[in-house]
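Trainee: have a look; sequence and predicted model below, questions after that.
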Amino acid sequence: MHVTKHIHLIGICGTAMASLAGMLKQSGFQVTGSDAAAYPPMSDFLTGLGISVAQPFDAKNLDPRPGLVVVGNAISRGNPELEEVLDRRLAFCSLPQLLHEEFLRGKEVLVVAGTHGKTTTTSMLSWIFHSAGMRPSFLIGGIAENFGSSFQLGEGKHFIIEGDEYDTAFFDKGPKFLHYFPDAVILTSVEFDHADIYKDLDAVETAFKRLVNLVPRRGRIIAFDGAVGDAAGSLSLERCLKKPFCPVERYGAGPRSDWRIANLKFETDRTSWSVVHQGKARADFEFSLAGEYNVWNATAAAALAFACGIPKEQIAAALKTFRSVKRRLEVKAQVNGITIIDDFAHHPTAIAGTLKALRERYAGARLWAILEPRSNTLRRSVLQNDLARSLALADEIVVAGVFRSEAVPENERLDLPELAATIQKHGRRVRLASDADAIVDLIAPELRSGDVVAILSNGGFGGIYEKLPARLRATPADTNLNSANAAAK
C-alpha cells in the first residue's frame, strides 16, 4: 500500500480510529479527521494530540484532497464524506488494512481477543512489557491510565493489540482481528455479542475459529477455561480451540486449566492472589482493581508474559502499579459521600461482572445501576432475560430509553416494560426514564451518603457523568438525606 503524507479519517472519534490517528501523526503524517459528534475521553485525547475534529460529516471536509482516506467501521453508504470519496475515486482503506501495512509488519504481534475483558487485559499486558523494559508498541481500545494514551510506538519487537471481532469496514464485513496475523493470542471469552452483525453464536464462534487458525505453529494461545457454572461459555471456547496448530495453555477454574488462582482476597483498596501453574505455586500478585474477572485478566496477561521470558518479579511489580483503563469501573466523582462510577457496559455478562465487583469493593453500600441500552446487543431483545438477571444484582435500577431505538427493527428491539417486569420478579425496584436529564431529576433527591451509583453505557449517555455530580454539588447533603428518608417512607 502506497501511503501519502495527508491521511483523513472518517469516524475519527472511535477509540481505535483516534489511536490510529495518533500513531500516524507521531510517524510524521498530516492527519485530519471528522465525526458526527465528539465526546470524552477520545475527544479530549485527540485535542491533546493537536488533531482537530471536523463536525459533522461533510464533503467539504475532504478539501484539500487527502492522499488516503481511512473509513471507520461505523461508516456506511449514505455518509456524505464516504459518497464523496467514492464519487471522486479517492484512495481509501480500512483501519486494520493500514494498521497492518504501516505498523504491524516486522513485529511480533500479540493479540488479546474475546467478548469480555480484552481492553483491560491488553492494557495489563502492555504495562507488564513496558515495565520490564521491553519497549513494546501497543494499541488498546481505551485510554490506559498508566500511559495516559491508547497507543504507543516502541522500539521493541512486540506489538500488543486488542483484537476486535467487530467487522472491518462497509466493504469488508470480516472481523478486524483477522488482519493482524498474530504470533500469540489471549482468548478471554466467547459469547454471543454484536447482534447487529452476527446472526447467532455459531457465527461468532466461526470468527474466533478463524483467528485461532492464523496462529503459527511456533506461536501460543492462552485461553480461559471457565469456572463452575460457566459450562456454556467453556463449550464455546473449546469449540473455537478444536483445531489449533500451536500450543494452548488454559487459565481459569475449569478442568483443563494450567493456570489457576489461590488465596484470593478482596480488600477495601486492594486485591491479592496467588497463581498456581500446573499444580505448582508460581507467583503472588496484587493490584488496586476490584473484581474476580480482573484477577483472571491479570492471570492471562501474566501467563503470556511468562511465556515471553519476563520474570515473575517484574510481572508482580507491574501489576501492583497498574491503574486500570478509562471507563472501566472509573470513579467519576464523590459528592456528599455518594460515589459515582462510570463503566463501559455493552453486554449482560459484563454488567454482571461490574456489579459483582462493586459489591466486593463497596460492601454494605446501596448499589444503583443506571443503564443506557446503547450497544448493538443491549438495544435488542436477544439477551433481555440475561440483562434482567444482571441488573438485578443492584439494589436500585433505572433504565433509560433505548438509544436510537428507531434503528432497531421493532420485533428485535429491547422491550423496556417487559425488562422491568422481569427485574421486579427478582425482587428489585426498577424504574424507566426517558433520558439523562429525567434520570438526574429522578434519582438525585433519593441519593444518600454511602450510595454507589454505577452508570452503565458505552457512549456519552447525554452527559449524565457531568450532570449528576453537578446536581448533587448544588444540593446540600442534608437535603439529599431528608429527601431520601421521605422517599423511603
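Mentor: Sure, I can see it.
Trainee: so what's the residue count around the nearest residue to A333 once chain neighbours are set aside?
Mentor: Leaving aside its chain neighbours, A333 sits nearest to P469 (3.8 Å; criterion: CB to CB, 6 or more residues apart in numbering). All C-beta atoms are positioned from the backbone trio N, CA, C, and that covers glycine. Neighbours of P469 under the rule other CB atoms under 10 Å: 20.
Trainee: ok, P469 touching I341?
Mentor: No - P469 is beyond contact range of I341, at 11.6 Å (criterion: CB atoms under 8 Å).
Trainee: quick check: neighbours shared by these two?
Mentor: K332 (CB atoms under 8 Å, 6 or more residues apart in numbering).
Trainee: quick revisit: sec struct for the residue nearest to A333, please.
Mentor: At P469 the chain is in helix, as set by DSSP: H, G, I helix; E, B strand; the rest coil.
Trainee: for it, give its distance to G460.
Mentor: 15 Å (CB to CB, to the nearest Å).
Trainee: what sits up against the host helix or strand of W368?
Mentor: W368 belongs to strand 367-371 when assigned by DSSP states H and E. Outside strand 367-371, the residues that touch it by CB under 8 Å, 6+ apart are 345, 351, 355, 358-359, 378, 391, 393-400, 439, 443, 447, 451-457, 464.
Trainee: I'd like the next helix or strand past it.
Mentor: The helix or strand immediately downstream of strand 367-371 is helix 384-391, counting by DSSP H and E.
Trainee: what pairs with the very next helix or strand once past that next one, parallel or antiparallel?
Mentor: The helix or strand immediately downstream of helix 384-391 is strand 396-399, counting by DSSP H and E. Sheet pairing here is set by DSSP bridges, and for strand 396-399 it gives strand 367-371 (parallel), strand 429-432 (parallel).
Trainee: and the ones you listed, which is most packed in?
Mentor: strand 367-371 (a mean of 24; mean count of other CB atoms under 10 Å).
Trainee: run through the stretch 1-150 of the chain and note the low-pLDDT ranges.
Mentor: Scanning the stretch 1-150 of the chain for pLDDT under 70 picks out 1-3, 39-40.
Trainee: residue nearest the centroid of the chain?
Mentor: By CA atoms, centre = their mean, the mean C-alpha position of the chain lies nearest to T119, the distance being 5.0 Å.
Trainee: and that one, what is it in contact with?
Mentor: I140, G141, G142, E162, V325, R328, F344.
Trainee: excluding its backbone neighbours, what's nearest the last one?
Mentor: Looking back up the chat, that one is F344. With sequence-adjacent residues excluded and distances taken as CB to CB, 6+ apart, F344 is closest to R327, at 4.3 Å.
Trainee: how near is that neighbour to D167?
Mentor: To D167, R327 is 22 Å away according to CB to CB.
Trainee: more neighbours: which of the two?
Mentor: More neighbours surround R327 than the other of R327 and D167, with 22 against 19 (other CB under 10 Å).
Trainee: pretty sure that one is touching D343, no?
Mentor: Yes - assessed by CB under 8 Å, R327 is found in contact with D343 at 6.7 Å.
Trainee: for the stretch 1-150 of the chain, just list every one of the strands.
Mentor: For the stretch 1-150 of the chain, strands defined by DSSP state E, counting those that start in this stretch occupy the ranges 6-10, 30-34, 53-54, 68-71, 92-94, 108-113, 137-144, 149-152.
Trainee: could you dump the fourth one to PDB, C-alpha only?
Mentor: Extracted in PDB, the C-alpha atoms of strand 68-71 (Å, rounded to 0.1, in the frame of the first residue of the first chain):
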ATOM      1  CA  LEU A  68      -5.600   8.500   1.500                       C
ATOM      2  CA  VAL A  69      -8.900   8.200   3.400                       C
ATOM      3  CA  VAL A  70      -9.400   5.700   6.200                       C
ATOM      4  CA  VAL A  71     -13.000   4.700   6.500                       C
END
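Trainee: strand partners of that strand, parallel vs antiparallel please.
Mentor: Here, using DSSP bridges, strand 68-71 pairs with strand 6-10 (parallel), strand 92-94 (parallel).
Trainee: which of these sits most buried?
Mentor: Among those, highest average neighbours (mean count of other CB under 10 Å) belong to strand 6-10, with a mean of 24.
Trainee: show me this protein divided up by domain.
Mentor: By the assignment in automatic domain parsing, the chain contains the domains 6-97, 106-320, 330-488.
Trainee: quick one: the residue nearest to A333 from G401, how far?
Mentor: For P469 relative to G401 (CB to CB), the value is 22 Å.
Trainee: same deal with L416?
Mentor: L416 is 7 Å from G401, by CB to CB.
Trainee: what do the two both touch?
Mentor: Shared contacts of L416 and G401 (CB under 8 Å, 6+ apart): L432.
Trainee: which SSE is the nearest residue to G337 once chain neighbours are set aside in?
Mentor: Among residues not flanking G337 along the chain, S449 sits closest, at 3.0 Å (CB to CB, 6+ apart). Using DSSP H and E, S449 maps to neither a helix nor a strand.
Trainee: so S449 sits against Q334, correct?
Mentor: No - the criterion here is CB under 8 Å, and S449 misses it with Q334 at 10.3 Å.
Trainee: more neighbours, the two?
Mentor: The residue with more neighbours, out of S449 and Q334, is S449; 14 against 11, by other CB under 10 Å.
Trainee: need phi/psi at the more buried one.
Mentor: phi -50, psi 130 (degrees, to the nearest 10).
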